[in-house]
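Colleague: Next input, structure requested:
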Amino acid sequence: MRTATLRLNLNSLFFFVAMVFFRCVLDFSYSFVVAENFSSEGFHKSFEIESYIASWAIYLSSLFFVRARAERVSHYFFVISSLSIIAPLTSIYGLDSDRPVFPVLISILAVFVVYIFSRIRIFNFKLLPVVVGGRKLAIGISFSFVAFLMLWYFYSGAKPNLNMNEVYEYRVVNSEISGGGLFEYTNSWTFQIFSIYLICFSLFYKRYIYFFALLAVQIYFFSIASHKSILFYPLLVAGVWFYFRKSNSLLVLPLVFSLVLAVSIASYFFYYDIWLTSLLSRRVFFVPANLCFVYFDFFSSHPLVYWSNSILSPFITYEYGEVSLPRVIGEYLGKKDMAANNGFVSSGFAHAGLWGVFLYSVIIGLILKFIDDISLKFFPVWLAVAISIVPLRSLLVSSDLFTVMLTHGFGVAIFLLFLSRKRALESGL
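Modeller: The predicted model follows:
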């Protein structure tokens with residue numbers, strides 16, 4: 001018992017040291033690589049010790065939300081929130097004293113509201129009934145959508161392409177041929193949710209032949225849809241399965257993120273190669289953080305949207321004409337063709353200011369509460385994380401809440417999780 005407690009304490013200690021180390025690596029990357037090479041994109045360095053100390057105080061306070069081990073999906077979510085949102089935001093704020101602190105504080109408060117509502121006990125979704133035969137039904141639904149999309153791509157005349165240099169050309173052409181209308185949703189659901197769901201359960205039941213067959217199907221989907229992320233999803237799921245089936249320690253996340261950043265920094269200093277840093281450090285971490293500042297700056301002095309571009313469009317006039325919300329921000333940045341999507345904090349503020357951020361935070365907290373309750377004791381945490389990992393990251397850094405729920409299929413993923421519950425883990429379906 002004493003040995004187990006010691007291991008637990010050591011894991012917690014190493015985890016928090018790793019979280020601090022990751023922020024340090026981010027700071028180094030921003031100071032000596034990103035700000036030096038991408039100042040034209042708004043990344044500037046203006047160091048003042050007061051702002052830097054304040055940024056660290058804010059970042060360390062965000063670690064209150066995180067746990068060193070993943071015993072439920074929400075534990076994973078809060079670690080990714082700190083790594084993907086809070087750490088880059090505080091890093092930019094600390095190293096560029098011209099940045100306002102307001103977006104940083106609101107982002108912290110948003111995560112805090114999510115945390116509170118994910119733990120609220122007023123709602124107890126554990127009491128929801130288990131659907132008899134639900135897992136077979138969920139697998140059947142997923143298989144049907146995957147099979148249909150394969151046939152639809154073939155009969156629609158969409159042409160496959162595996163040349164990475166031509167993905168954008170094929171994406172436009174194939175989207176016009178095989179997308180549009182209802183297919184705009186179902187196609188996305190199939191390669192983001194249904195095929196990923198089948199991949200997860202093929203690993204869960206150790207049906208590795210099915211896993212490789214589904215991997216081949218996913219490659220085929222990529223060859224038509226031409227979104228590189230389609231290739232990344234199965235690898236992400238396999239990584240979650242490989243690691244978290246053996247350990248629930250979240251120490252691996254800040255360590256891997258730090259390693260990725262370190263490799264990009266080394267590539268810059270030793271090989272004078274800016275491409276890797278641009279792709280990883282700048283694009284993955286600092287672009288979403290910078291857009292958060294931009295969204296707050298723009299919608300603090302321009303009309304809010306109030307969902308007039310989506311669910312409330314029949315009742316409220318959209319102020320920005322034919323230009324989509326992300327492209328409005330792109331134009332504000334001087335890039336007409338740029339669709340500057342960002343996560344739930346930015347999009348919530350764009351829709352209804354602070355009330356929009358609060359509303360989105362409450363909804364996300366309740367969604368996490370629902371996922372935690374319906375997955376706990378019904379299947380291992382890695383399975384629930386693997387099925388929801390892609391839409392959760394989209395929520396944080398790249399999409400509006402309602403877009404993730406509908407277009408990206410997060411609502412479908414939650415429904416499949418609900419159907420998949422069984423009273424005991426079994427080897428068969």
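
Colleague: For the stretch 301-429 of the chain, which segments count as helices?
Modeller: Assigned helices in the stretch 301-429 of the chain, in chain order: 325-332, 344-375, 381-397, 401-406, 410-419 (criterion: DSSP state H, counting those that start in this stretch).

Colleague: what number of residues lie near Gly181?
Modeller: 7 (other CB atoms under 10 Å). C-beta coordinates here come from the backbone N, C-alpha and C atoms, glycine included.

Colleague: ok, Leu128 - contacts?
Modeller: Contacts for Leu128 (CB atoms under 8 Å, 6 or more residues apart in numbering) come out as Asp373, Ile374, Phe418.

Colleague: most neighbours, which of those residues?
Modeller: Using other CB under 10 Å as the neighbour criterion, Ile374 leads the contacts of Leu128 with 22 neighbours.

Colleague: And the pLDDT for it?
Modeller: We have a pLDDT of 90 for Ile374.

Colleague: doesn't Leu417 make contact with it?
Modeller: Yes. Using CB atoms under 8 Å, Ile374 makes contact with Leu417 at a distance of 6.0 Å.

Colleague: could you measure Gly409 against Tyr295, distance?
Modeller: From Gly409 over to Tyr295 the distance is 24 Å, taken as CB to CB, to the nearest Å.

Colleague: chain center to the lowest-mean-pLDDT helix or strand in the chain: distance?
Modeller: Within the chain, confidence by mean pLDDT, DSSP states H and E is lowest for helix 167-178 among all helices and strands, at a mean of 80. The chain centre lies 25 Å from the centre of helix 167-178; the measure is CA atoms, centre = their mean, to the nearest Å.

Colleague: Which residues does that helix contact?
Modeller: By CB under 8 Å, 6+ apart, helix 167-178 touches 152-153, 156-159, 161, 187, 224-228.

Colleague: how about a cut-off of 6 Å?
Modeller: Tyr153, Ser156, Gly157, Ala158, Asn161, Ile224, Ser226 (CB atoms under 6 Å, 6 or more residues apart in numbering).

Colleague: Excluding sequence neighbours, find me the nearest residue to the fifth one.
Modeller: With CB to CB, 6 or more residues apart in numbering as the measure, Tyr170 is the residue that lies nearest to Asn161, at 4.3 Å, once sequence neighbours are left out.

Colleague: Neighbours of that neighbour, how many?
Modeller: Neighbours of Tyr170 (other CB under 10 Å): 19.

Colleague: Please apply the same query to the one 10 residues further on.
Modeller: Counted with other CB under 10 Å, the burial measure for Gly180 works out to 10 neighbours.

Colleague: could you say which helix or strand contains it?
Modeller: Gly180 is part of no helix or strand, with elements assigned from DSSP states H and E.

Colleague: State the distance from it to Asn174.
Modeller: 11 Å.

Colleague: Next, show the common contact partners of the two.
Modeller: Common neighbours of Gly180 and Asn174 are not found (criterion: CB under 6 Å, 6+ apart).

Colleague: Pro380: neighbouring residues, count only.
Modeller: Around Pro380 sit 15 other residues, with neighbours defined as other CB under 10 Å.

Colleague: ignore the last one, Tyr155
Modeller: If we define neighbours as other CB under 10 Å, then Tyr155 has 9 of them.

Colleague: Pull out the buried positions in whatever helix or strand it lives in.
Modeller: Using DSSP H and E, Tyr155 sits within helix 134-156. Buried residues in helix 134-156, counted by 16 or more other CB atoms under 10 Å: Gly134, Arg135, Ala138, Ile139, Ile141, Ser142, Phe145, Val146, Leu149, Met150, Trp152, Tyr153.

Colleague: Repeat that for stretch 100-115.
Modeller: For stretch 100-115, by 16+ other CB under 10 Å, it's Pro103, Val104, Ile106, Ser107, Ile108, Ala110, Val111, Phe112, Val113, Val114, Tyr115.

Colleague: Kindly report the same for stretch 35-45.
Modeller: Going by 16+ other CB under 10 Å, stretch 35-45 has these buried residues: Ala35, Phe38, Gly42, Phe43, Lys45.

Colleague: Touching it from outside, list them.
Modeller: Contacts to stretch 35-45, defined as CB under 6 Å, 6+ apart, come from residues Val34, Leu95, Asp96, Ile274, Arg282, Asn290.

Colleague: Which member of those is positioned nearest Tyr210?
Modeller: Distance ranking of the contacts of stretch 35-45 against Tyr210, using CB to CB, places Arg282 first at 38.0 Å.

Colleague: what about Arg282, neighbour count?
Modeller: Around Arg282 there are 22 residues (other CB under 10 Å).

Colleague: My error: substitute Phe117 in the last question.
Modeller: For Phe117, using other CB under 10 Å, the count is 19.

Colleague: who's in contact with it?
Modeller: Going by CB under 6 Å, 6+ apart, Phe117 touches Val362, Gly365, Leu366.

Colleague: Setting the sequence-adjacent residues aside, check what's closest to the second one.
Modeller: Here the nearest residue to Gly365 in space, its sequence neighbours aside, is Phe117; by CB to CB, 6+ apart that works out to 2.7 Å.

Colleague: Just the element for the one you found, please.
Modeller: helix 102-118.

Colleague: and that helix with helix 381-397, angle?
Modeller: 150 degrees (axes from the mean of the first three to the mean of the last three CA atoms, to 10 degrees).

Colleague: quick check, distance from helix 102-118 to the centre of its chain.
Modeller: 16 Å.

Colleague: Show the average pLDDT along that helix.
Modeller: 95.

Colleague: Next, the angle helix 344-375 makes with that helix.
Modeller: Put simply, helix 102-118 runs at 20 degrees to helix 344-375, going by the same axes, to 10 degrees.

Colleague: Dump the C-alpha coordinates for helix 102-118 into PDB.
Modeller: Extracted in PDB, the C-alpha atoms of helix 102-118 (Å, rounded to 0.1, in the frame of the first residue of the first chain):
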ATOM      1  CA  PHE A 102      -8.700  39.900 -20.800                       C
ATOM      2  CA  PRO A 103      -8.800  36.900 -23.300                       C
ATOM      3  CA  VAL A 104      -6.400  34.900 -21.100                       C
ATOM      4  CA  LEU A 105      -8.500  35.400 -18.000                       C
ATOM      5  CA  ILE A 106     -11.800  34.600 -19.800                       C
ATOM      6  CA  SER A 107     -10.300  31.400 -21.200                       C
ATOM      7  CA  ILE A 108      -9.200  30.400 -17.700                       C
ATOM      8  CA  LEU A 109     -12.700  31.100 -16.400                       C
ATOM      9  CA  ALA A 110     -14.300  29.200 -19.200                       C
ATOM     10  CA  VAL A 111     -12.300  26.100 -18.400                       C
ATOM     11  CA  PHE A 112     -13.200  26.600 -14.700                       C
ATOM     12  CA  VAL A 113     -16.900  26.700 -15.600                       C
ATOM     13  CA  VAL A 114     -16.500  23.600 -17.700                       C
ATOM     14  CA  TYR A 115     -14.800  22.000 -14.700                       C
ATOM     15  CA  ILE A 116     -17.600  23.000 -12.300                       C
ATOM     16  CA  PHE A 117     -20.400  21.700 -14.500                       C
ATOM     17  CA  SER A 118     -18.600  18.500 -15.400                       C
END
